[in-house]
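# everything below, folded, please.
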Amino acid sequence: MSESAIEALILSTSTMKSQYGPLVGAIDEGTSSCRFIVFSASTGKLVAKHQIALSQSFPNEGWVEQDPMEILSVVNGTMEACVEKLKDQGIEPSDIVAVGLTNQRESTIVWDKLTGEPLYNSIVWSDARTTVTLDKILEVVPNKNKNYLAPLCGLPLSPYFSALKINWLMNNVPKVKQAIDEGRCCFGTVDTWVIWNLTGGKDGGKYVTDVSNASRTMLMNIETLQWDPMLCGFFTIPMDILPTICSSSEIYGYFAAGSLKGIPISGCIGDQNAALLGQNCLKPGLAKSTYGTGGFLLYNTGTHRVMSRQGLLTTVGYKLGDEPAIYALEGSVAVAGAAINWMRDNMGLISAFSAVSPRTQPRVTLCSPLSRPSAFKPATFWRPCARTPAFP
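Down below sits the predicted model:
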């Protein structure tokens, strides 16, 4: 959506009763939790927020899954709870003029477009079940080159991205293959699943994704910003199961039900890309680093695609309406905050997240990051079997 369109949308709501004026909502659907946050459109002031945790399951070593229906339930739950907090302040949900969505990237969901039911759990971005498949692919790729497809999609061959996850679902879940054969199968990253459901689901839901999420599938051409027949053919994925690729800022559809019914969903972007925008890294050379479930550094390269020789990813940063796409280089570390879950659930070293800060604070104050070497290793070699040691 262009700046003028946003201004027109806000001006058209001049009868707002809220002391904050027109409001904007943001769905932040992450791996560990979902938040709904409401801001003043004119000042950026935080008005209300609500957060609900999300569960993950680990059926086998290296497998990470989430329930798509739980994701949807938590998204709706955070919004409704936040609306109640607005009402406690005397603010009506109709004062929200637009809602944007940011989401965990690469996580893969397939569902039946006739029933709206998931055909399998969401395979989370950090899932590594396709390592064996990757090894087989590399055997037939010239020089076993992991970057064989990078000139087209900007990404190395890795279980991390959506393409191999879709391929696994097609070959290992019979009802997915059947749904594809019968023309009933939809694929989406989390943004597609959420938008499709919020805008009507099987009763006319909008089947879309944005360029930032599509660029993490290994199926989108990094130059044309469209699904690439060669890439889809390489992974034997039919193109008719893929959603329409849109910009990161336009009206995709309107809430079909709930307290926000009729309000437009007018922004969609991957979570790390949203952080690039949120930290105002709008010019080439600016970068942000985020530590969440994983750790991610994105560096704005402007309208030029830069191919790294050091393991960094070439990705779409964002695309605002009809403006040219802005690209980025990205360094990704799969485990950051997730290590705290591991310390709690597997090692029993802590009982809650709140116990971490007091234990680490003395070391933080005594140790400058420039005076000692880091104990962590970068992920630039894209080795899915790599594990990290724990030091006493």
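# for the protein, which spans come out with low pLDDT?
Within the chain, the segments meeting pLDDT under 70 span 1-18, 292-293, 334-339, 341-343, 345-392.
# got the buried residues for the longest helix seen in it?
Ranked by number of residues, the top helix in the chain under DSSP state H is helix 68-88. Using 16 or more other Cβ atoms under 10 Å as the test for burial, helix 68-88 gives 68-72, 74-76, 78-79, 82-83, 86. Glycine gets a C-beta too; all of them are placed from N, C-alpha and C.
# repeat that for stretch 236-246.
Neighbour-count burial for stretch 236-246, counted by 16+ other Cβ under 10 Å, picks out Ile237, Ile241, Leu242, Pro243, Ile245, Cys246.
# doesn't the fifth one fall inside a helix?
No - the assignment for Ile245, made by DSSP: H, G, I helix; E, B strand; the rest coil, is strand rather than a helix.
# that one against Gln226, yeah?
Yes - at 6.1 Å, Ile245 counts as touching Gln226 under the criterion of Cβ atoms under 8 Å.
# what sits in contact with each of the two?
Counting by Cβ atoms under 8 Å, 6 or more residues apart in numbering, the residues touching both Ile245 and Gln226 are Met220.
# helices and strands around the helix or strand hosting Ala274, which ones?
Element membership for Ala274 (DSSP states H and E) is helix 271-278. Helix 271-278 is packed against strand 96-103, strand 287-291, strand 295-302, strand 313-318, strand 326-333, with contacts defined by 3 or more Cβ pairs under 8 Å, 6 or more residues apart in numbering; DSSP states H and E.
# ok, Arg105 to Arg216 distance?
With distances taken as Cβ to Cβ, to the nearest Å, Arg105 is found 5 Å from Arg216.
# where do the contact lists of the two overlap?
In contact with both Arg105 and Arg216: Thr189, Gly270, using Cβ under 8 Å, 6+ apart.
# by contact count, what packs against the helix or strand containing Ile27?
Per DSSP H and E: Ile27 is located in strand 23-29. Counting contacts by 3+ Cβ pairs under 8 Å, 6+ apart, strand 23-29 is packed against strand 33-40, helix 68-88, strand 96-103, helix 190-198.
# what's next to that strand, contact-wise?
With contacts defined as Cβ under 8 Å, 6+ apart, strand 23-29 is touched by 16, 34-41, 47, 71, 74-75, 78-79, 82, 86, 91, 95-104, 190-191, 194, 260, 263, 267, 271.
# what's opposite Leu313 in the beta bridge?
Taking DSSP bridges, one finds Glu330 as the beta-bridge partners of Leu313.
# next, give phi and psi for Phe255.
Dihedral angles of Phe255 (phi, psi; degrees, to the nearest 10) stand at phi -60, psi 130.
# and what of the one 10 residues further on?
Listed backbone geometry of Ile265 is phi -90, psi 110, with angles given as degrees, to the nearest 10.
# now do it against Gly44, distance only.
Going from Ile265 to Gly44 by Cβ to Cβ gives 20 Å.
# more neighbours: which of those two?
A direct count of neighbours by other Cβ atoms under 10 Å for Ile265 and Gly44 places Ile265 higher, at 25 against 8.
# residue contacts, the more buried one?
Residues in contact with Ile265 (Cβ under 8 Å, 6+ apart) are Ala98, Val99, Gly100, Leu101, Ile195, Leu198, Thr199, Ile251, Tyr252, Gly253, Tyr254, Phe255.
# looking at these, which is nearest Gly285?
For the contacts of Ile265, the residue nearest Gly285 by Cβ to Cβ is Gly100; the value is 25.7 Å.
# helix or strand for the residue nearest to that closest one when sequence neighbours are not counted, which one?
In space, and not counting its chain neighbours, Gly100 is closest to Gly267: 2.9 Å by Cβ to Cβ, 6 or more residues apart in numbering. Following DSSP H and E, one finds Gly267 within strand 264-270.
# pull up the pairing partners for that strand, direction included.
strand 96-103 (parallel), strand 253-254 (antiparallel).
# out of these, deepest packed?
When you average the neighbours per residue for each of these (mean count of other Cβ atoms under 10 Å), strand 96-103 leads with a mean of 24.
# which other residues reach the helix or strand just after that one?
Using DSSP H and E, the helix or strand that directly follows strand 96-103 along the chain is strand 109-112. Contact with strand 109-112 is made by 68, 117-120, 122, 166, 169, 176, 179, 184-190, 192-193, 241, as judged by Cβ under 8 Å, 6+ apart.
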